[in-house]
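> from the sequence below, what's the structure:
(2 chains)
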Amino acid sequence: MHEHQHLKDHYKEARIINRRLLLAALGTLLLFGLLFYRLYNLQVVNYQDYVTESDRNRVQVQALPPTRGLIMDRRGLLLADNRPSYTLAIIKEQVDDLDATLALLAELVEINAEDLEGFEKRLQQRRRPFEAVPLTFRLTEAEIARLAVHEYHLPGVTVSAQLVRDYPMQDLYAHSVGYVGRINDRELAGFDDEQFHRYSGTHTIGKIGLERQYEDTLLGTVGYQYVETNARGRVLRVLEQISPQPGENLRLFLDTELQREAVAALDGRRGAVVALDVNNGGVLAMVSAPSYNPNLFVTGISHRDFRQLNESLDLPLFDRTIQGQYPPGSTIKPMLALGGLHHKVITLTSTVYDPGFFKLKGDERLYRDWKRHGHGTRVDMLQAITESCDTYFYDMAYRLGIDGLHDFGSRFALGSRTGIDIPSERAGIWPSRAWKRGAMGLAWYPGDTVNVGIGQGFSLTTPLQLASMTATLASRGRFIQPRLVAAIGNTLTEEKSTTLDSVDSRHWDAVFEAMENVVHGARGTAQVINKGLGYRMAGKTGTAQVVGIAQGEKYDSEALRERQRDHALFVAFAPLEQPQIAVAVIVENGEKSSKAALVARQVIDKYMQLQLRDSEQLVRGAESDARIF
Amino acid sequence: MPEASRDLRRPESLLQRCHIDLPLLLGLLLITLYGLVVLYSASGQDLHYLQRQSVFFLLAYGVMFAVAQVRLHLLEYWAPWLFMAGVVLLVLVLFMGVGAKGAQRWLSLGGFRFQPSEILKLAVPLALASYLSRRILPPAFRHVVWAMLLIGIPTVLIMRQPDLGTSLLIATSGLLVLFFSGLRWGYIFTALGLMIASAWPFWVFVLRDYQKQRILTMLNPEADKLGAGWNIIQSKTAIGSGGVYGKGWLNGTQSQLNFLPESHTDFIIAVLAEEFGLVGVLLLMGLYFWIIGRGLLIASRAQSSFGRLLAGSITFTFFIYVFVNIGMVSGLLPVVGVPLPLVSHGGTSIVTLMMGFGMLMAISTEQRKVSVG
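Numbering: from 1, shown residues only, chains lettered A, B, ... in the order given. Reported below is the predicted structural model:
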């Protein structure tokens, strides 16, 4: 206690305090040095790294997607268009309660499980803060209106517009024009660096049909802009811009009026119609029925819709025109007769006795004619084609032999792809010894040859091949590769053709006459369609046996019976004097070939009518021009 | 004393008669101006902030001038009462305080809101200096215990608000007084040893989750790029991309495009560093150094132990504010929410700081008066 009474020693205390102040001052210097070291490190040593980081913050490269090229028919009607579509996206950082927001959105707009799944996936991916994550891609006008009403309790929810593919003709051209769809993981995995670059602003890619075949042409060139953004991702200004180049437009040979007529003519039945321009190989109409709405695929088809299409017994997704392989039946008889004449196994006047069947020497088996008691004792080529006599062609095929048959048919592109400008075309089968050995491991028997003579047995053709064969006949031996696209941009597409040489013109005349008789002759198998026909048409009927349905599959018996009926086929060209259009028709399970013939007539009638109308317009146009000058 | 004799020869200037320390005032004015220039840019070129800040400064300089007139022995006399009033208000805050973001820091008096913790920023060093200067230095053990109690009560109360940053700074200002009073090294090392030993229970029982998060984020900001690490990554990017000479006034992309959070308050040094570069930061640090040096001089020349202790505490607490702020923005220290003195936007902290500088001037005046007289 007495220590407390000691006098304070001010000098000593000042010394103590000043010594401590000096220590603190030294500490201060040390800490200032530390700060300086830190700042030196940030601003001098790692300067470049932070400049890069700061630019990456501020400058964003945005891809500017090119506008996809349009696809139009020969008259300029749009078959594939681009229309604005509205995307609903969420900026997660601005949403307080994501679940509540999603629940409210589900009441206002249609959001399915796949949308949600995709959204969750995109949310997990690396992204910048305040970047909008898309939830659904197809808002309707009504939904946008509803969102606008509730905007104030939906912070962080944005709606943006972009162009998406639209097919205004709906299901009319689903198979030929095809569709685009979202780029899937598999396609993405197959991309090289250049493709990644090209698709950086684009979310869709051509999946089938012309959209796929002409993908590179339609896509265009991606553009870029360097933009300065703030921390909320809002673009403040564009620093530099390279404009995208739109894709090129495609103009097709297809005629929408003719296409509609072909669909109408099929009248809801399963089947296919292919109409070709004899003079240039252009596809005038190409129908595979039933069809589907390609717009479903553009922004992603729902599982339910896809299952429905994929599992339908009517196979709407299947393109019958280039993938359907049917026995050609009697439709190839005119072509085969030409081969027989060319190889001199028949002449214009040679005849065959037809008791209603054909028999190979030393073989008990009867190859029956469709007509039970035969076509008579002296059947010549004209009658054989007109009445579709099987016995005549059994005999001719047998004498020509498989090698001759194969060689001649191959010149009409049977058994190989025509090379039409859409993918997934099938080649069909035009059998030969080599083919049978390769495919079945068996030797060729004479009986096989006999069946090929009436377009049965192993032979399979697509409707496109039949149309192409008919066009080649109509042009007296000029095979022109069929094609859908008439012009890319302003450049006309090239015609590729080969010419059958050394066929005697009298042989052509004879085959044409026989085919004319099929339609116009009193005993022609297609004479039902000649009533009121204002022009001359050459045609040939056919029926093909159905082999498709396997035993034991669970179809109800009524449907099964209906689906086991023969397919009805018909090929034709017109007008006879100066052929312009060649048509092949198949009506599945149509049973009678006249069903197909009626379809073909309706299509050709329409074509002739359109030709007349177009030429009249041309004349009127010329007259009005003349008045002006 | 040579200084005294020099003062004897010179007539008292107008500033001296007004109790103004010219070098200190000059340093403060330069920082104020520099700070306003940076604030204009940091606030997104908003004149509103500039006006508010200028009004605060006018008020603060007025307060400083007023405090500078107070006689030192009066300050010493009022110190305990100010301290007690501050503690009472802190207790009131715990029961009837208002606040935001989960913290309760303000008292609302008829529409006027203020933080009692601001009072303690000065009351604690005042009370400590007053208490210790009456004892024989270096202080005996029981006086150290009492002094620790004086520091501990407000520190714990503020920590409960919770406001960890302020409580630690206030504790530091008190501990500085204790240190300057010649606290024996044995006590210091024992205390340091105990602190290290108690770090684990402190982490587990005292720190709140968000406080732990801040420390963890500082240790590894990359771990949570978009969340807690965002601020630090952005401020480091701003500072680093400024380089030696900076991007130029109003040209900082990080700050002008809002990548930098809290750019006009706690993180304002990042704006300065981005736009004026290392050179600009060194200029500011030089000015701070000037003020600290002047404060140190005033402390060492003070006539009484009370003056020395108080001046030393005010000066070095000011330095610690600077160090903690720049350290946290540049990623050396955890983000504790300490403004950059005299530069960050905000009224109360500026007024408190200037009040402290007013006391420094009062101490300086006392010393001159005594040496003259």
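> if I pick A:Asp171, what's in contact with it?
Contact partners of A:Asp171, counting by C-beta atoms under 8 Å, 6 or more residues apart in numbering or on different chains, are A:291-294. Just so you know, the C-beta spots here come from the backbone N, C-alpha and C atoms, and that holds for glycine as well.
> gap between A:Ile422 and B:Arg368?
Separation of A:Ile422 from B:Arg368 (C-beta to C-beta, to the nearest Å): 101 Å.
> tell me which of those two has more neighbours.
Shown here are A:Ile422 and B:Arg368; by other C-beta atoms under 10 Å in any protein chain shown, A:Ile422 has more neighbours (26 against 19).
> isn't that one up against A:Leu484?
Yes: the criterion here is C-beta atoms under 8 Å, and A:Ile422 meets it with A:Leu484 at 6.5 Å.
> before we move on, back to that, which one of the contacts of A:Asp171 has the most neighbours?
Most surrounded of the contacts of A:Asp171: other C-beta under 10 Å gives A:Pro294, at 28 neighbours.
> grab the nearest non-local neighbour of that one.
A:Tyr179 (3.7 Å; C-beta to C-beta, 6 or more residues apart in numbering or on different chains).
> just the helices in the stretch 101-250 of chain B please.
Secondary structure of the stretch 101-250 of chain B (DSSP state H, counting those that start in this stretch): helices at B:116-133, B:141-159, B:164-180, B:185-197, B:199-201, B:209-219, B:229-242.
> list of residues touching the helix or strand that the last one is followed by?
Remark: after helix B:229-242, the chain's next helix or strand is helix B:253-256, criterion DSSP states H and E. By C-beta under 8 Å, 6+ apart, the residues outside helix B:253-256 that reach it are A:54-55, A:57-58, A:228, B:41-42, B:44, B:234, B:237-238, B:241, B:247, B:250, B:259-260, B:263, B:270-271, B:274-275.
> give me every residue that touches the nearest residue to B:Pro138 once chain neighbours are set aside.
Among residues not flanking B:Pro138 along the chain, B:Gly182 sits closest, at 3.4 Å (C-beta to C-beta, 6+ apart). Residues in contact with B:Gly182 (C-beta under 8 Å, 6+ apart) are A:13, A:16-17, A:19-20, B:137-139.
> for those residues, pick the one with the most neighbours.
Result: A:Ile17 is most packed of those (other C-beta under 10 Å), 27 neighbours.
> per-residue confidence at A:Ile628?
With respect to pLDDT, A:Ile628 scores 57.
> next one: B:Ala100
In this prediction B:Ala100 is given a pLDDT of 63.
> re the thing from before, and of the contacts of B:Gly182, the nearest to B:Arg301?
A:Ile17 (11.4 Å; C-beta to C-beta).
> my read: that closest one touches B:Arg308, true?
Yes: counting by C-beta under 8 Å, A:Ile17 sits close enough to B:Arg308 to count as a contact (4.5 Å).
> give me the common contacts of the two.
Common neighbours of A:Ile17 and B:Arg308 (C-beta under 8 Å, 6+ apart) are B:180, B:299.
> check contacts around B:Ser133.
Per C-beta under 8 Å, 6+ apart, neighbours of B:Ser133: B:76, B:181, B:304-306, B:309.
> wait, which of the residues you listed is closest to A:Met608?
B:Leu309 (114.8 Å).
> the residue nearest to A:Pro294 bridge partners, please.
Listed by DSSP bridges, the beta-bridge partners for A:Tyr179 are A:Ile208.
> separation between it and chain B?
38 Å (C-beta to the nearest C-beta, to the nearest Å).
> can you list the weak-confidence ranges in chain A?
By pLDDT under 70, the low-scoring segments of chain A are A:1-7, A:125-131, A:232-233, A:547-560, A:625-629.
> by contact count, what packs against the one helix or strand A:Val599 maps to?
A:Val599 belongs to helix A:593-628 when elements are defined using DSSP H and E. With contacts defined as 3 or more C-beta pairs under 8 Å, 6 or more residues apart in numbering or on different chains; DSSP states H and E, helix A:593-628 has these neighbours: helix A:256-266, strand A:271-277, strand A:538-544, strand A:567-574, strand A:581-587.
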